[in-house]
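Colleague: sequence first, then the predicted structure:
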Amino acid sequence: MKNPFIAIFLCLAAAVAATGCGPVAKQAEAAPPAPAAGVPVEVAPAETGDISLVLNYAGTLQAAKDVRLVPRVAGQVTRIFVAEGDAVKKGDSIAAIEQDVYRAQLKQAEAALEKGQLTLQKMEEGARPEELAAARAAVAIARAALADVKNPNDDTRTTAAANLAKAQAAVRLAQSEYDKVAWAGQAGMTKQGLLLEDATSSYEAALAAYNLQTNPTASKTATLDAQVVKSELDLALAEKPFRPVDFDLARASIKQAEAALQLAQLQLEYTTITAPFDGVVAELVVDEGSMVSSSVVLGRFISPQTEVTLNVEESRLGQVKKGQPVGLRVSAYPGVDFPAVVTNVAPIADSKSHTFKVTVTPLDEKNLLHGGMFADVKLLAEEKTNTLLVPLAAVTQVDGQPAVFVINAAGVAEQRLVTTGLSTDSQIEIMSGLKAGDNVVIAGQSNLTDGAVVNVVPNL
């Protein structure tokens, strides 16, 4: 709308140009002054209502759980039980690896454990009665032999003395015969000389035997002593063949065999690859007959539940918390709002972007959402009900403070400082400075001052 003061000035200028200054001035002085016009403004009432602070983000949906299926043992794939896209339950079979080698290893481990257990049982039972009897007999024989040598009986002494006396007599007889021919030359080479030499040797042997049997040497008794010690040791080992440490070693061997058996059982179980959770087979990259190992990926397995990760600014982190309600929209279902919830807020910020990762999980009972979908996310940060609201355009800044112009019943603008709260694209909460029903200026504030007369118009 044009300013009425400018229009009046233009009319007066035209009149002066047409008739001259004198008469026109007289007419102007005679005419009554024009009434002042109000500043044109548009107003709206302050009303109570509900307002929500919604944070808008965008992100890509991804599976809540996404794992690569890798076998724990090596071998040839003998069977694949599923196809891509199949939904399976936790523990269901996905693929199988040849089991022959692992079954053989299991039997070997079972045999090793049984051997260890039998060995311990044999140790606990100890020596057989026959072995103990033989060991005791060996000790008795060795001790008797030593006693016979150290303490010869009368028969032994008599026999040794008789043999010695007989040898002495033979020497005397041979000496007598030799003396008969000793006067002749070369007597030692005669028959009598040779007999004397033999008799002398026999005597010396008989004397040595007599001395040994009646007074045994240390070397003779030492050998017999060693035999006694050995036989006694053999008896002790037969009576108690194992020490406590031997039993400990046997029990440790059994534990080792049990662990090997458990490992063999696990390896046999690992030949069947199963689903780690309820989910969907997203991808299979091997066929039956393929050779695989712990470094070969069989496929990809995902959960039906999805989630989206948002990068929330540090300034907004205080408005986000776990359990907060969220709304999702995807282009696959236009106009459909999917309810969701904040399930995790990262405790630390990203070192580069200085944003916090916030995980949002849709409440998608029908499993309509899938990984890879682009989603518009609306996060309800705060909500207030039955609070005082005005259009966002009503609030201006006066010396850095929010203010509004209120139009009173006389059509005069009153400038008021206000305290604001939540705001949206169209509304803002007024926490103080206004009351419900106050008419506030929403257009034309740039021409207003406190106390100015206004002209309320429907639209500027």
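Modeller: Nice, I can see it.
Colleague: distance from stretch 429-436 to the middle of the chain?
Modeller: Distance of stretch 429-436 from the chain centroid (Cα atoms, centre = their mean, to the nearest Å) equals 55 Å.
Colleague: check contacts around residue 145.
Modeller: By Cβ atoms under 8 Å, 6 or more residues apart in numbering, residue 145 lies in contact with 224, 227. Any C-beta I mention is one placed from the backbone N, CA and C, and that applies to glycine too.
Colleague: quickly find the element holding it.
Modeller: Residue 145 is part of helix 129-150 when elements are defined by DSSP states H and E.
Colleague: run the chain-centre distance for whichever helix or strand comes after that helix.
Modeller: Next along the chain after helix 129-150, taking DSSP H and E as the criterion, comes helix 154-181. Its chain's C-alpha centre and that of helix 154-181 lie 100 Å apart, by Cα atoms, centre = their mean.
Colleague: same question for the helix or strand following helix 154-181, mean pLDDT?
Modeller: Moving toward the C-terminus from helix 154-181, the first helix or strand encountered (DSSP H and E) is helix 191-214. Mean per-residue pLDDT for helix 191-214: 76.
Colleague: stretch 116-126 now?
Modeller: 91.
Colleague: contacts for it, please.
Modeller: The contact list for stretch 116-126 (Cβ under 8 Å, 6+ apart) reads 239-242, 246-247, 250-251, 253-254, 256-257.
Colleague: got these as TSV, with neighbour count and distance to residue 192 columns?
Modeller: Putting these into TSV (neighbours: other Cβ atoms under 10 Å; distance: Cβ to Cβ, whole Å) gives the following:
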residue	neighbour count	distance to residue 192
239	13	64
240	10	68
241	13	66
242	15	71
246	12	72
247	13	77
250	18	77
251	13	82
253	17	79
254	18	83
256	13	84
257	19	84
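Colleague: ok, so of these, who is nearest residue 312?
Modeller: Residue 312 lies nearest to residue 256 out of the contacts of stretch 116-126, by Cβ to Cβ, at 54.4 Å.
Colleague: tell me which element that closest one falls in.
Modeller: Residue 256 belongs to helix 244-269, assigned by DSSP H and E.
Colleague: report all helices and strands that that helix contacts.
Modeller: helix 100-125 (3 or more Cβ pairs under 8 Å, 6 or more residues apart in numbering; DSSP states H and E).
Colleague: report the angle between the helix it packs on and helix 244-269.
Modeller: 160 degrees (axes from the mean of the first three to the mean of the last three Cα atoms, to 10 degrees).
Colleague: may I see the buried residues of helix 100-125?
Modeller: Using 16 or more other Cβ atoms under 10 Å as the test for burial, helix 100-125 gives 102, 105-106, 109, 112-113, 116-117, 120.
Colleague: just the closest of those to residue 388, please.
Modeller: residue 102 (75.2 Å).
Colleague: the closest one is in contact with residue 267, isn't it?
Modeller: Yes: using Cβ atoms under 8 Å, residue 102 is in contact with residue 267, at 5.0 Å.
Colleague: which neighbours do these two share?
Modeller: residue 73.
Colleague: flag the shaky bits of the stretch 51-200 of the chain, pLDDT-wise.
Modeller: 150-157, 183-189 (pLDDT under 70).
Colleague: hmm, 80 instead?
Modeller: Applying pLDDT under 80 to the stretch 51-200 of the chain flags residues 145-161, 164, 171, 174-194, 196-197, 199.
Colleague: pull the contacting residues for the residue nearest to residue 415 when sequence neighbours are not counted.
Modeller: Nearest residue to residue 415 in three dimensions, chain neighbours excluded: residue 450, at 3.9 Å (Cβ to Cβ, 6 or more residues apart in numbering). By Cβ under 8 Å, 6+ apart, the contact set of residue 450 is 413-415.
Colleague: how about the closest residue to residue 346 other than its chain neighbours, phi and psi?
Modeller: Leaving out its chain neighbours, the residue that sits closest to residue 346 by Cβ to Cβ, 6+ apart is residue 357, at 4.2 Å. Per-residue torsions, residue 357: phi -80, psi 120 (degrees, to the nearest 10).
Colleague: so residue 294 sits against residue 72, correct?
Modeller: Yes: taking Cβ under 8 Å as the definition, residue 294 is a contact partner of residue 72 at 6.2 Å.
Colleague: the two: who's more crowded?
Modeller: Taking neighbours as other Cβ atoms under 10 Å, residue 294 and residue 72 compare with residue 72 leading, 13 against 10.
Colleague: doesn't that one lie inside a helix?
Modeller: No: under the criterion used here (DSSP: H, G, I helix; E, B strand; the rest coil), residue 72 is coil, not part of a helix.
Colleague: quick one on the thing from earlier: next secondary structure element downstream of the helix holding residue 256?
Modeller: Downstream of helix 244-269, the first helix or strand assigned by DSSP H and E is strand 272-274.
Colleague: in its sheet, what does the next helix or strand along the chain from that next one sit against?
Modeller: Per DSSP H and E, the first helix or strand lying C-terminal to strand 272-274 is strand 279-284. Next to strand 279-284 in the sheet, as set by DSSP bridges, lie strand 87-88 (antiparallel), strand 299-302 (antiparallel).
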